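Colleague: Sequence first, then the predicted structure:
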Protein chains: 2
Amino acid sequence: MPLELSGPRPTSGARQATLRESNLALVARTIAAAAPAYLSRADVAGATSMTRATASRLVDELVAGGVVDELGPDELDRPVPRRGRPGTPLAPGSRIAALGLQIDAGFLAARVINLRGQVLAEWVASGDLVASPPEVVLRRLDAASGDVLSRLPAGSRLVGARLALPGIVAVGEGLLRAPTLGWSDLRPVDVLGAGTLAELPLTMGNEADLAARAVAESAPGRSGPLPDFVYLSGEIGIGGAVVRDGAVITGRHGWAGEIGHVCVDPNGPSCPCGSTGCLERYAGRHTLLAAAGLADTAPPELLRERVAASDQEACQAVAVAAWALGIALASVINMFDVPTVVLGGYLGQITGLLRADLDPALRARVLSARWAAPTIVAAEPGSAPGATGAAFAELAAVIADPARWTVRPAG
Amino acid sequence: MPLELSGPRPTSGARQATLRESNLALVARTIAAAAPAYLSRADVAGATSMTRATASRLVDELVAGGVVDELGPDELDRPVPRRGRPGTPLAPGSRIAALGLQIDAGFLAARVINLRGQVLAEWVASGDLVASPPEVVLRRLDAASGDVLSRLPAGSRLVGARLALPGIVAVGEGLLRAPTLGWSDLRPVDVLGAGTLAELPLTMGNEADLAARAVAESAPGRSGPLPDFVYLSGEIGIGGAVVRDGAVITGRHGWAGEIGHVCVDPNGPSCPCGSTGCLERYAGRHTLLAAAGLADTAPPELLRERVAASDQEACQAVAVAAWALGIALASVINMFDVPTVVLGGYLGQITGLLRADLDPALRARVLSARWAAPTIVAAEPGSAPGATGAAFAELAAVIADPARWTVRPAG
DNA sequence: AGGATTATGTTTTACCGAAATACTAAAGAA
DNA sequence: TTCTTTAGTATTTCGGTAAAACATAATCCT
C-alpha cells in the first residue's frame, strides 16, 4: 500500500520512497496548478524550492509516464523572448483522460476530459427520464459511453470513470437512493459494470458534490477563483455541497451538504423526506414554477420575462424562494463560515432575480456579516457540470499519486 | 520554516530532514495515542512499521527533549509478565505542560495540564461576571494564572497558553465579540499580555470549539471514543462545534459551528444577533428557565424535579427546547453528515429530559436516519471544559511538531 | 560576426535518513 | 544451567535530495 505523506495523520513510517512519491506528486500538482502557463523544469524547481537537479529528475519521470508533456517550440504561443537558454515548456499530459457520467431527471451525459481539462469527446441527451425504468436509462448511458470512448484520439489512456447522481449514495454498499428520479435501493454499478464499462473502474458520487468540484477547479488540479464556497445545485430538488480550501466537505458517509433539506419553517409544507418546511419545498424548480403560474418545463427566460413585466404571481414566487434561500443559506454560512454562495442549475440562471431579496436577508441573518458580508454568484452556465466534476475527480487521483502511473527508470 | 509533510498540500519540496521530522511526529503521536498503555520502543516500531533501529533512535531524541518519558520499573503497574527481555515503558512527557484559561458569564478558570493529560494545577472561581468591566475580569484572571503557575512542580516546561471565550474571535486581529459577556471589539491579549502572562505566547479560541476538543481527545493526542460529533455548549447562549475525524471544523475565519443561531422558525422571537427564531431563543438557559417559571440561576436538579413532578410549565419549557433542538440539529446533521450529538453545559445536564422528544424528531428529519440513526449523548460533567480543551490545543502543537522541542544529538 | 552574458538543464559528489542485518542484553522456560 | 524469546544497539547498505560544477542554448552588446 502506498504511504500517505500528504494525507492527514499517516499511521505508517515514512521511508525514502515515500519522500520521492510525495515530491513527485508535488511536481505534478505544481505543473497542473500553473496551467495554462507552461512551467519549465527550472520554474518547477523555483516554485517548490527543490534544486533544479531534483525537479528535473522528477519531471523526467512524469514525462515518461505521460502525466506531463514536453511541448515542442511549435506548440507554444511564445509570448516574450527572454535572455538565457529557453526552458522546455511543460504541460499536463494530454493523453491521460477520465470519463465523467451524469444522470439527471432532465438529461444524460457522458464526457471525457484529459489532464489539461480539454473535453476530448462528449455526448449529452435531454429528455424526461423519470418515466423510464432504471435499467433502460443505465443501458442507454452505457451504450453512449461506448460510443464516446470510441471517438477518443489514438493513444488516449483512460484512468477511471465516475457517475454523478442526484441523490444519496452509500459508497461502500454501491447503493443509491434518488427520490427525484424515483429510484431507490439500486446498484447502478451492477448494470454499467456488465456492459461497455466493464474494464473501467467506475465509482459513483453525489451530483452536487461533483458539480461543486467543477466550480472549485477550473481544470484538473487547477484551483478556480473561489477557495471556499457553498454550492447549490437548484433543479427539481436542491442539492448542495460545501467547499473548503478547494475540497468538498463530504462527511463520514459522503452525505454532507444536503442543504435542500435544511428546515426553513417547521410549520411549512411537508416534504417527501419526512420532514416539514424543507428549502426544496420553497425553492425547488417545480414548486417555484408552479407558484409563478408556469409549467414544469418553463425555461428561466420565461420567468425572467414575467418578473420584468411585474407579473404578480411570478414576483411573489421569486420572493418566496429568495426568502427561503436567505433563511437556509444563513444557517449554512453560520455553521460553515464559508461566506460565498454559488448558485448552479436553474437557480443559477435566475440569480439576478433572487439577489435583491437574498443579499439583505443574508446580511441580517449571518453573524459574521459585520466583518465579511456574504456574496452570491451564479455558476458558469454549462451542461452537465456533474459529469465534468466526475471526470475531474478521477483525474485528481492521478495528480495526487502520479507514482502509480509512472514507470521508474531502470537504472 | 518547517516543511509540512503531514499537512494538506505541501507547497515546498520534502527533504531528508522533513522525513525525519515527519517520523518523529509519528512516534510522538503513537505514544500519546496509546496512553495510558505504555509502549516500548519495539511496540512503537511495530505500530509504525518502522524498523526497531529507526524507532529507537527517534524515541531517544524525544526522551532527550522531554516529549517522552522513560518510566522506571517502579513507576509501572506491571500487568502481565511476558517471555523475553522486557521493554522500557514509554509515556508522554510529564514535565511539558500548557495553560488553559476560560472566561464564561458564570465563572473564570485557569488550568495547567501536561502531555499525559494530568492536571498539574488549577483554579476555578464562579460568580456573575457580566456586571464587571472587562479589564477587571482580565486582570483577575491574570493574577490567578500567576498563582497557578507558581504552584507547578519544579522542572515543568510551559509551552503555551490559550484562552477560551464565549463569542466570535477574529484570530488575526485579536478582536473579540462576546454578546453573552456584554463585551465587544475587545483585545484581551493586550491586557493579559502585559501582566503575568507576558512571557507566554497566548492565543484565543472559541469556547465551544475548545470544549469540543476536550471531548474529542481524552488526553493530548489521544482520541476519545467519538471520532465525529456535533458538540453543543448549552449555557446562556448556545455555542456549537462540529468535530470530524477528531478535528474541529473551524472554517476560514474560525467562526464555523455557530449552531446557536441556526434558524428554528423564521416567525419566532427576534434575537440580538439581528435574526429571528434562532435556536438560542428557544433552548438557551435563561429562556428555558424563564419559560419553566424558574430563576436564571436555578440548577438543573431543580428543573429535573419539576419535570418529574409533572409541573405544567416545566414540561412545556423542556418540550419547546427539545422541539427547537430537533429542528436545528437535524439541519446540522443533514449538512455535516455527523450523526452523533454531544450535549454539554446546562443542556448536557438535562439530556435525560430532552431525549424523549429529541430522538424521534431527529429520526424524522434527518435524511440518513434510515441508514444511521442519530444518537444523543451527554458530555462528561466537569468544570470549565473550555480551559481543558485550550490546554489540549496547545499541547497538540508539541505532538504535531516535536522537532521544535527536541535537541538534535550533536554527533 | 563573435564574444559576453544569462538562464536552463545535466552530471557528479556529498550527505542524510531509513532498511537490513547482525549483535548484545535481559527476562522466562526447560 | 542452558535454551528460547523478545528488547534494544551497532554497522553496513541503499535510496533520495543538496550542492556545486559543467554543458547548452538562447539574447545582448560591440
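Modeller: Perfect, I can see it now. Worth saying up front: this structure is predicted, and the values here are computed from it rather than measured.

Colleague: Not counting its neighbours along the chain, what's nearest the residue of the stretch 301-411 of chain A found nearest chain B?
Modeller: Closest residue of the stretch 301-411 of chain A to chain B, Cβ to the nearest Cβ: residue A:337 (2.5 Å). For glycine as for every other residue, the C-beta is placed from the backbone atoms N, C-alpha and C. Spatial nearest neighbour of residue A:337, excluding adjacent residues (Cβ to Cβ, 6 or more residues apart in numbering or on different chains): residue B:251 at 2.5 Å.

Colleague: how about the one you found, what does it touch?
Modeller: Going by Cβ atoms under 8 Å, 6 or more residues apart in numbering or on different chains, residue B:251 touches A:228, A:244, A:336, A:337, A:338, B:257.

Colleague: Filter those residues down to just the ones in helices.
Modeller: residue A:336 (DSSP state H).

Colleague: re earlier: give me the number of residues near the residue of the stretch 301-411 of chain A closest to chain B?
Modeller: Using other Cβ atoms under 10 Å in any protein chain shown, residue A:337 has 23 other residues around it.

Colleague: can you check residue A:85 too?
Modeller: 8.

Colleague: Near chain B, which residues of the stretch 201-350 of chain A are found?
Modeller: By the rule Cβ under 8 Å from any Cβ of the partner chain, the part of the stretch 201-350 of chain A lying against chain B is A:228, A:240, A:242, A:244-245, A:249-259, A:261-267, A:273-275, A:323, A:327, A:330-332, A:334-339.

Colleague: can I assume the residue of the stretch 301-411 of chain A closest to chain B is in contact with residue B:250?
Modeller: Yes. Counting by Cβ atoms under 8 Å, residue A:337 touches residue B:250, with 7.3 Å between them.

Colleague: Could you please give me the overlap between the contact lists of the two?
Modeller: B:256, B:257.

Colleague: Any regions of the stretch 1-150 of chain A where pLDDT drops low?
Modeller: Low-confidence segments of the stretch 1-150 of chain A (pLDDT under 70): A:1-11, A:74-81.

Colleague: Pick out the residue in it sitting closest to DNA strand C.
Modeller: Of all residues in the stretch 1-150 of chain A, residue A:84 sits closest to DNA strand C, at 2.2 Å by Cβ to the nearest atom of the strand.

Colleague: where does that residue fall, helix, sheet strand or coil?
Modeller: At residue A:84 the chain is in coil, as set by DSSP: H, G, I helix; E, B strand; the rest coil.

Colleague: Check the burial of it by counting its neighbours.
Modeller: Based on other Cβ under 10 Å, the number of other residues close to residue A:84 is 6.

Colleague: same thing with residue A:383?
Modeller: Neighbour count of residue A:383, defined by other Cβ under 10 Å: 13.

Colleague: cool, and residue A:373?
Modeller: For residue A:373, the count of nearby residues is 12 (other Cβ under 10 Å).

Colleague: Contacts only, for it.
Modeller: Counting by Cβ under 8 Å, 6+ apart, residue A:373 makes contact with A:339, A:362, A:363, A:366.

Colleague: now do 10 Å
Modeller: A:339, A:359, A:362, A:363, A:366 (Cβ atoms under 10 Å, 6 or more residues apart in numbering or on different chains).

Colleague: And residue A:239, by the same measure?
Modeller: A:164-168, A:180, A:206-212, A:231-233, A:257-260, A:280, A:344-345, A:386 are the contacts of residue A:239 under Cβ under 10 Å, 6+ apart.

Colleague: for the contacts of residue A:373, which one is nearest DNA strand D?
Modeller: residue A:339 (38.0 Å).

Colleague: what about the helix or strand hosting residue A:232, average pLDDT?
Modeller: Using DSSP states H and E, residue A:232 sits in strand A:229-234. Mean per-residue pLDDT for strand A:229-234: 95.

Colleague: Repeat that for stretch A:329-349.
Modeller: 95.

Colleague: and it, how far out from the chain's middle?
Modeller: Its chain's average C-alpha position is 15 Å from that of stretch A:329-349, according to Cα atoms, centre = their mean, to the nearest Å.

Colleague: Next, the contact list for the closest residue to DNA strand D within chain A, please.
Modeller: Per Cβ to the nearest atom of the strand, residue A:85 is where chain A lies closest to DNA strand D, at 3.1 Å. By Cβ under 10 Å, 6+ apart, the contact set of residue A:85 is A:40, A:42.

Colleague: Residue A:355: how many residues sit nearby?
Modeller: Residue A:355: 15 neighbours (other Cβ under 10 Å).

Colleague: Let me fix that, I meant to ask about residue A:247.
Modeller: Neighbours of residue A:247 (other Cβ under 10 Å): 16.

Colleague: Identify the residue spatially nearest to it, adjacent ones excluded.
Modeller: residue A:216 (7.5 Å).

Colleague: Next, count neighbours for the one you found.
Modeller: Per other Cβ under 10 Å, the neighbour tally for residue A:216 reads 26.

Colleague: next one: residue A:189
Modeller: Counted with other Cβ under 10 Å, residue A:189 comes out at 18.

Colleague: Kindly report the same for the one 5 residues further on.
Modeller: The number of residues packed near residue A:194 is 12, by other Cβ under 10 Å.

Colleague: same check, this time on the one 4 residues further on
Modeller: The criterion is other Cβ under 10 Å. On that basis, residue A:198 has 10 neighbouring residues.

Colleague: wait, it sits on residue A:145?
Modeller: No. In terms of Cβ atoms under 10 Å, residue A:198 does not count as a neighbour of residue A:145; the distance is 11.0 Å.

Colleague: okay, and the common contacts of those two?
Modeller: Common neighbours of residue A:198 and residue A:145 (Cβ under 10 Å, 6+ apart) are residue A:192.

Colleague: returning to that earlier point: just checking, the residue of the stretch 301-411 of chain A closest to chain B touches residue B:248?
Modeller: No. Taking contacts as Cβ under 10 Å, residue A:337 lies outside contact range of residue B:248: 11.7 Å.

Colleague: anything in contact with each of the two?
Modeller: Common neighbours of residue A:337 and residue B:248 (Cβ under 10 Å, 6+ apart) are B:254, B:256, B:257.

Colleague: check these against chain A, which are close?
Modeller: Among the shared contacts of residue A:337 and residue B:248, proximity to chain A is found for B:254, B:256, B:257 (Cβ under 10 Å from any Cβ of the partner chain).

Colleague: Just the helices from chain A, written as ranges.
Modeller: Ranges of helices in chain A, per DSSP H, are A:16-34, A:41-48, A:52-65, A:134-150, A:188-192, A:207-216, A:280-283, A:285-291, A:300-308, A:312-336, A:345-349, A:351-365, A:385-400.

Colleague: what comes into contact with the shortest one?
Modeller: Judged by Cβ under 10 Å, 6+ apart, the contacts made with helix A:280-283 from elsewhere in the structure are A:179-180, A:232, A:234, A:236-239, A:258-262, A:264-265, A:268-273, A:275, A:286-288, A:291, A:317-318, A:320-325, A:327-328, A:343, A:346-347, A:354.

Colleague: Cool, thanks, signing off.
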